[in-house]
Structures are given as structure tokens and as C-alpha cells.
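Student: structure here, sequence nowhere to be found:
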């Protein structure tokens, strides 16, 4: 599957890169479902190879009627050292394109994006090839055909 980067205009030029007028962001339209329930509305999730896990905003869990605090609680940390937030992990179905994969995803209150697609769950199931040289710049997702042990 081929996707174009989402292009975000720069509000103020970066001092080190004053000629750049935009950022390229690798986002994928996805849906989630829980159990045999309905799928969520489609939303954009950011592909983040630096994220260990797939994380989603707690409002998505609420829309899917997931009792967030009944999940497995774990602290997750970001790029800023020492800042941790609570995530509640649940087994969900992640819909990418026409296919679905079962993953364990964390739900976080106040997550600044709708979703982050990290190494556990997403990169275990897809090969991601970033290609900024294409016109328009984009990336490819290739679904891996191998089976992984549950919760590996």
C-alpha cells in the first residue's frame, strides 16, 4: 500500500533550516474495533518507529465502549526524560486498508495525537519503506505474512 506524507506548513522557520516551509508526517488512516463490536470512525495515526507500543487517545476507547481502567496499566514515557503517563492496554483489532491485525494497544488520556503506531503491534506486522525522493513524497506499507506469537 502506498501513502503520501501529510504535509504540514511550518508556522515559523526553524533557525537551522530556514528554507523549509513544511514538514512531512507519515500518517495512515486506520480504524479500531474491540471484540466483535463495530469499527471506530477512520482517523489518522502517526507511524513512529521510536514508539515501543501502539498508543491511542482514551477518547477512542470510550467511543468503542472499552472500560479503559480494566486494562493492564503501564507507565509509558516519551522523548522527554522523566515524564511518564499511565496507559491502559487492551486487545483490539487494528484496521489498515482492507486488512486487520489483532494488537495489544495502550490508551492514554491527553495523548496529543489520535494514535501512534509503534514497534510492538505495527512494525511487527508491516515493513515500512519511507521514500522522500518520490513525487509526491511518501511511504509504502507491506504486510508481513508470518505469524507471531501472541503478545510477543
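Tutor: It's in. Keep in mind it's a predicted model, so treat the numbers as computed, not measured. Residues are numbered from 1 along each chain as shown.

Student: who's in contact with the closest residue in space to residue 111 that isn't next to it in sequence?
Tutor: The shortest distance from residue 111 to any non-neighbouring residue, by CB to CB, 6 or more residues apart in numbering, is to residue 57 (4.5 Å). The way it works is simple: take the backbone N, C-alpha and C, and place the C-beta from them, glycine included. Contact analysis of residue 57 by CB atoms under 8 Å, 6 or more residues apart in numbering lists 107-109, 111, 113-115.

Student: give me that answer again for 7 Å
Tutor: Contacts for residue 57 (CB atoms under 7 Å, 6 or more residues apart in numbering) come out as 108, 111, 114.

Student: what's the distance between it and residue 17?
Tutor: Counting by CB to CB, to the nearest Å, the gap from residue 57 to residue 17 is 30 Å.

Student: now swap in residue 76 and tell me
Tutor: According to CB to CB, residue 76 stands 30 Å off from residue 17.

Student: of these two, who's got more company?
Tutor: residue 76 (19 against 9; other CB atoms under 10 Å).
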